[in-house]
Structures are given as C-alpha cells and as structure tokens.
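Enquirer: everything below, folded, please.
(one chain, ligands or ions: 2)
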Amino acid sequence: MSGSQLSDAQIQLQRAMAHLDLPTDTRERLKYPKAAIRVAIPVRMDDGSLQIFQGYRVRYEDTRGPGKGGVRYHPHVTADEVESLAFWMTFKCAVMDLPFGGAKGGITVNPKALSVMELERLSRGYIDGIADFIGPDMDILAPDVYTNAMIMGWMMDQYSLIQRRISRGVVTGKPIAMGGSLGRNSATAKGAYTVINNVLPRYGYQPPNTTVAIQGFGNAGGILAELLFRSGYRVVAVSDSQGGIYAPEGLDIPSVKQYKETTRGLEAVYCAGSVCQRVDYQRITNAELLQLPVDVLVPAALEKQITQDNAAQVQAKVIFEVANGPITAAADAILAQKGIPVFPDILVNAGGVTVSYFEWVQNRSGWYWSAAEVDQKLQERMLRETNEIWHIAQAKTIPFRTAAYVHALGRISDAIKARGTRDDYQGQH
Ligand SMILES: NC(=O)C1=CN([C@@H]2O[C@H](COP(=O)(O)OP(=O)(O)OC[C@H]3O[C@@H](n4cnc5c(N)ncnc54)[C@H](O)[C@@H]3O)[C@@H](O)[C@H]2O)C=CC1
Ligand SMILES: O=C(O)CCC(=O)C(=O)O
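Expert: Ligands and ions are numbered 1, 2, ... in the order given. Prediction:
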C-alpha cells in the first residue's frame with residue numbers, strides 16, 4: 001500500500017460518496033482531521049532515568065457531538081495511524097447513531113516493557129499533556145489495543161485532579177468501582193457476536209457446521225472466540241502477536257483462554273480443572289491464519305492485515321472485521337471480485353463504543369444500569385443498525401462497507417446541513 005493509512009481509509013468514504021448527492025460542505029469537512037495534538041511525555045523510569053514518549057490525540061469530526069474514541073499503546077503508533085483510527089470512529093459513531101464525533105489517541109510505546117508504576121506515570125503524563133484538548137463535552141477517551149480499565153481509571157483520576165472536581169465522563173471503560181459500566185469489557189465482542197450470529201444464517205450457516213478463524217486473542221478477539229465457541233461454532237484457529245494455533249476439529253476455547261491467562265502462551269489444550277493437556281494442532285503464522293480454508297474469518301488484531309499482496313489467497317466465505325482497518329482499499333476490491341462479503345469494522349466492532357456511550361450517559365445521570373439492561377440495549381442497537389445496512393446494501397447493490405458509510409454519511413451530513421450550508425446562503429450576501 002502506498003500513501004498514508006488515512007488516505008487509504010478515505011477511499012472507503014469516496015466509494016460511498018459516489019452513491020449520494022452530498023453538499024460540497026459535507027465533502028470538504030470530511031477531508032481533514034478537525035484538530036490534532038502531539039505531546040512529548042516525560043516519564044521517570046524505575047531506574048531513575050528519564051524517557052520521553054510521543055503521545056497523540058486526534059479529533060476528526062465533531063459536528064454530531066464530542067469526539068469519542070480509544071487510546072492505543074503500541075510501539076508502532078504514528079500520527080497517521082491515529083488520524084485514520086479517528087476517521088473510522090467518526091463513521092462508527094454515526095452508524096450507531098451515537099451523539100458523538102470521532103477521535104482517537106495513542107502513545108508510541110511497548111507497554112509490555114514497562115513496570116506497572118512506569119505505566120501509571122506514562123498514563124498520567126499523557127493526560128497532563130492533553131488535558132486542555134479533552135473533556136466530557138469535548139473529547140472522551142476509552143480503551144483500545146494494550147490499554148485496559150486500570151489505565152482508564154488512572155486517566156480519569158488524573159483529569160479529575162487537574163480539574164479539581166471528579167469528572168467521570170471524560171473517560172469510558174473505567175473500573176466499575178470508578179464509575180465504569182457493567183458490560184463494557186465484553187461489549188466489543190458481544191456486539192460483534194450479535195452481528196455475526198444474525199448475519200450468518202442469511203448465508204445458510206448454522207453454528208455446528210461453521211468453522212471460524214480469529215486473528216487476535218485480546219479483549220475483542222478472545223472474548224468473541226469464547227462467545228462463538230459457547231454457541232456451538234467450531235473455532236478452528238486463533239492467534240496472538242506471536243503466531244497462531246490451528247486444529248481443524250475445533251479448539252476448546254475456554255481451555256485455551258485459561259492456559260493463556262496462566263502462562264501467557266497460546267497452546268491448543270484441553271483443561272480439566274487446573275490440569276491442562278495438549279491436543280493435536282498445527283502452529284501457524286498470522287499470515288497463514290488469514291488464508292485458512294474456513295467459513296468465517298475474523299481479523300481482530302491490527303490494521304492492514306489483508307492487502308493486495310494476500311487478498312487473492314483468502315479462502316474464507318465471509319469476513320467480519322473486528323479490528324479497525326484490517327483490510328486495505330485495494331484488498332477490498334479483490335475480495336469483492338472473489339465474491340467474499342465483508343462486514344465492516346464501523347459496524348461489527350461498534351459494540352464497544354456503544355456501551356461507552358451508555359457509560360457516559362450513566363456517569364452524567366448518576367443512575368447505573370444492570371448488566372442485563374446494558375446487554376439488551378446493546379443487542380437492540382446492533383441488530384437495528386445491521387438490518388439498516390443490510391437493506392441499504394441490497395437496495396443499492398453495493399458492498400456492506402459502502403452501505404455502512406452511506407448510512408453514516410446520511411447522519412453526518414444532516415448534522416452539517418443543520419448548521420447551515422452554502423446552499424442556504426445562495427443569493428444572500
Ligand atoms: N477494545 C475495544 O473496545 C475495541 C477494540 N477494537 C479493535 O479491536 C482490535 C483489537 O483490540 P483489543 O482486543 O482491544 O486489543 P488487546 O490489546 O486486548 O488485544 C490485542 C490482541 O492482538 C494481538 N496482536 C498484537 N499484534 C498482533 C499481530 N501483529 N498479529 C496478530 N495479533 C496481534 C495481541 O497479542 C492480542 O491478542 C484493534 O484493532 C482495536 O482497535 C475496536 C473496537 C473496540
Ligand atoms: O469505547 C470507545 O469509546 C471507543 C473504542 C474504540 O476505540 C473503537 O471503537 O475503536
């Protein structure tokens with residue numbers, strides 16, 4: 001892929017714009033991120049040395065409401081990556097009809113190399129750097145790759161210290177004891193599960209006969225693997241950053257998870273109580289996982305996994321994007337030629353930000369919901385927007401990704417138009 005990740009992402013938008021008669025104002029506003037901040041974060045390391053880390057926060061578009069999006073800690077985080085993630089958040093929030101614009105943040109760091117105390121100083125330092133740029137009515141943070149509830153708790157606490165008042169609504173995905181919502185931890189996976197389980201029967205797939213490969217075994221991919229396994233799907237392959245495991249007869253996902261949680265290693269095991277035994281399997285690379293002969297492929301790790309270099313080798317029958325941006329624009333075209341439907345990130349992984357919205361609402365009202373209430377509201381919204389996108393795709397004979405952007409663009413454009421566009425001023429000076 002040549003060019004930036006953001007310009008590649010914008011090709012997805014242009015494909016949708018071709019199906020809409022949009023005002024020039026809307027097209028122009030969506031070309032560039034609205035605001036971006038880059039901060040150098042000084043962190044006193046445990047050995048007494050000082051290290052400076054680069055942190056970013058980008059707000060792409062906020063006509064529909066405050067910016068919303070996660071914070072990523074990863075050694076490969078760049079300004080371009082954060083911009084494209086903020087771009088996708090803009091359309092994801094609109095797909096789900098949440099009163100938010102899109103934002104994202106990140107720090108270029110390998111968090112696995114830091115002690116817990118260093119991680120806390122880094123997280124608090126990040127908030128010190130971006131405090132004027134965020135807020136419950138301006139830009140609201142959340143977890144993403146290699147960040148979690150503990151880190152969100154530090155961030156909320158640091159922001160509250162700076163403001164000299166408790167400000168729960170500035171961060172979602174917090175620990176429950178600090179105002180987090182029940183159900184946020186599993187929300188991304190549950191939302192994806194709802195879409196997958198709703199869509200697959202439309203293609204004639206039923207759980208016991210359906211094989212699934214999942215790339216990424218973290219908050220999103222790991223919990224989704226378990227939900228699919230418990231519903232009877234045959235999850236035959238999973239992977240983490242070190243590579244994957246493949247067992248054509250199916251993996252016992254709760255055992256694989258238990259083993260990974262205790263040893264950090266990904267192995268095909270069957271556990272009875274605390275005793276785990278290896279079962280037959282093949283060790284595969286992440287690249288091999290993407291080319292397995294499975295019914296369903298779920299990229300749930302990072303961007304740019306399926307590109308023009310490997311898209312032709314994909315054998316899956318249906319793809320659900322749980323990661324943000326795992327398929328490049330060129331690969332999308334190849335998959336479409338092969339007749340492989342792709343259900344896009346801005347729908348499939350939107351359960352996380354949807355429950356983040358529920359958390360923000362609960363923080364602002366001070367009225368906390370039961371887990372069952374959160375799950376039910378999440379499921380209703382996921383099904384409603386999945387059906388809308390399905391119908392747009394059928395009516396216009398366009399791919400599901402394009403349909404999702406068409407759906408989101410309608411809502412964003414309405415908000416932009418409501419503020420007055422050039423057409424309103426025609427003939428007036
Ligand atoms: N956590 C959330 O609420 C949401 C996450 N997402 C997206 O889902 C994806 C995964 O995020 P989380 O599960 O939250 O992160 P996580 O930090 O919980 O897990 C990441 C997983 O990806 C694996 N991984 C890292 N590098 C890899 C590589 N090069 N190849 C294969 N696997 C690799 C890690 O080993 C780990 O299993 C990301 O694209 C994220 O933006 C999207 C919406 C919400
Ligand atoms: O929960 C949120 O606010 C956003 C999660 C996120 O970063 C994402 O959906 O990619």
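Enquirer: show the backbone phi and psi for the residue in the stretch 51-200 of the chain positioned nearest to ligand 2.
Expert: Closest to ligand 2 within the stretch 51-200 of the chain is Gly70: 2.6 Å, counting by Cβ to the nearest ligand atom. In this view, the C-beta of every residue, glycine as well, is placed from N, C-alpha and C. Note on Gly70: its backbone torsions stand at phi -80, psi 180 [degrees, to the nearest 10].
Enquirer: let's verify Gly105: helix, strand, or coil?
Expert: Three-state assignment for Gly105 (DSSP: H, G, I helix; E, B strand; the rest coil): strand.
Enquirer: what residue ranges in the protein score low on pLDDT?
Expert: Across the chain, residues meeting the criterion (pLDDT under 70) sit at 1-2, 421-429.
Enquirer: quick one on the thing from earlier: run through the residues that contact the residue of the stretch 51-200 of the chain closest to ligand 2.
Expert: Listed by Cβ atoms under 8 Å, 6 or more residues apart in numbering, the contact partners of Gly70 are 85, 104-105, 141-144, 147, 173, 352.
Enquirer: can you flag which of the residues you listed belong to strands?
Expert: Judged by DSSP state E, the contacts of Gly70 include 104-105 as members of strands.
Enquirer: ok, longest helix in this protein?
Expert: Counting by DSSP state H, the longest helix found in the chain is helix 371-396.
Enquirer: who are the packing partners of the following helix or strand past it?
Expert: Using DSSP states H and E, the next helix or strand after helix 371-396 towards the C-terminus is helix 400-418. Secondary-structure packing of helix 400-418 (3 or more Cβ pairs under 8 Å, 6 or more residues apart in numbering; DSSP states H and E): helix 5-17, helix 24-29, helix 79-95, strand 342-343, helix 345-348, helix 371-396.
Enquirer: Serialize the ones you listed to a markdown table and add fields for mean neighbour count and distance to Gly183.
Expert: Converted to a markdown table, the helices and strands packed on helix 400-418 look like this (neighbours: other Cβ atoms under 10 Å; distance: least, Cβ to Cβ, whole Å):
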| stretch | mean neighbour count | distance to Gly183 |
| --- | --- | --- |
| helix 5-17 | 19 | 29 |
| helix 24-29 | 15 | 34 |
| helix 79-95 | 26 | 18 |
| strand 342-343 | 24 | 22 |
| helix 345-348 | 29 | 18 |
| helix 371-396 | 17 | 4 |
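Enquirer: out of the ones you listed, which is closest to Ala35?
Expert: Closest approach to Ala35 among these (Cβ to Cβ): helix 79-95, 9.7 Å.
Enquirer: just to revisit the earlier point, inside helices: which ones of the contacts of Gly70?
Expert: Per DSSP H, the contacts of Gly70 map to helices at 85, 352.
Enquirer: adding distance to ligand 2, write the contacts of Gly70 out as CSV.
Expert: Listed next are the contacts of Gly70 as CSV, based on distance: Cβ to the nearest ligand atom, whole Å:
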residue, distance to ligand 2
Leu85, 7
Lys104, 6
Gly105, 9
Leu141, 7
Ala142, 3
Pro143, 7
Asp144, 4
Thr147, 9
Gly173, 6
Gly352, 4
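Enquirer: got the phi and psi for the residue of the chain found nearest ligand 1?
Expert: Going by Cβ to the nearest ligand atom, ligand 1 is nearest to Gly218 of the chain, at 1.8 Å. Backbone torsions of Gly218, given as degrees, to the nearest 10, read phi -100, psi -140.
Enquirer: just to check, it is in contact with Asp144?
Expert: No. Between Gly218 and Asp144 there is no contact under Cβ atoms under 8 Å: 10.1 Å.
Enquirer: between these two, which is the more surrounded one?
Expert: Taking neighbours as other Cβ atoms under 10 Å, Gly218 and Asp144 compare with Asp144 leading, 24 against 16.
Enquirer: touching ligand 1 at all, the longest helix of the chain?
Expert: No. Helix 371-396 does not reach ligand 1 (Cβ under 6 Å from any ligand atom); its nearest approach is 12.2 Å.
Enquirer: one step back: so what's the residue of the stretch 51-200 of the chain closest to ligand 2 closest to, chain neighbours aside?
Expert: Leaving aside its sequence neighbours, Gly70 sits nearest to Asp144 (Cβ to Cβ, 6 or more residues apart in numbering; 3.1 Å).
Enquirer: which residues touch that neighbour?
Expert: 69-72, 85, 104, 106.
Enquirer: let's see it at 6 Å
Expert: Neighbouring residues of Asp144 by Cβ atoms under 6 Å, 6 or more residues apart in numbering: 70-72.
Enquirer: distance to Arg381 for the residues you listed - can I get that in JSON lines?
Expert: Shown next, in JSON lines, are those (distance: Cβ to Cβ, whole Å):
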{"residue": "Gly70", "distance to Arg381": "19"}
{"residue": "Val71", "distance to Arg381": "24"}
{"residue": "Arg72", "distance to Arg381": "24"}
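Enquirer: what residues does the longest strand seen in the chain touch?
Expert: Looking across the chain with DSSP E, the single longest strand is strand 50-61. Strand 50-61 has contacts (Cβ under 6 Å, 6+ apart) with 33-43, 45, 67, 79, 82-83, 86-87, 90, 101-109, 126, 129-130, 133, 139.
Enquirer: would that strand count as contacting ligand 2?
Expert: No. Against ligand 2, strand 50-61 shows no contacts by Cβ under 6 Å from any ligand atom, the least distance being 11.9 Å.
Enquirer: partners of that strand in the sheet?
Expert: With DSSP bridges as the test, strand 50-61 is paired with strand 35-44 (antiparallel), strand 101-108 (antiparallel).
Enquirer: quick check: angle from it to helix 5-17?
Expert: 10 degrees (axes from the mean of the first three to the mean of the last three Cα atoms, to 10 degrees).
Enquirer: in strand 50-61, what counts as buried?
Expert: For strand 50-61, the buried set under the neighbour-count rule, 16 or more other Cβ atoms under 10 Å, comprises 53, 55-61.
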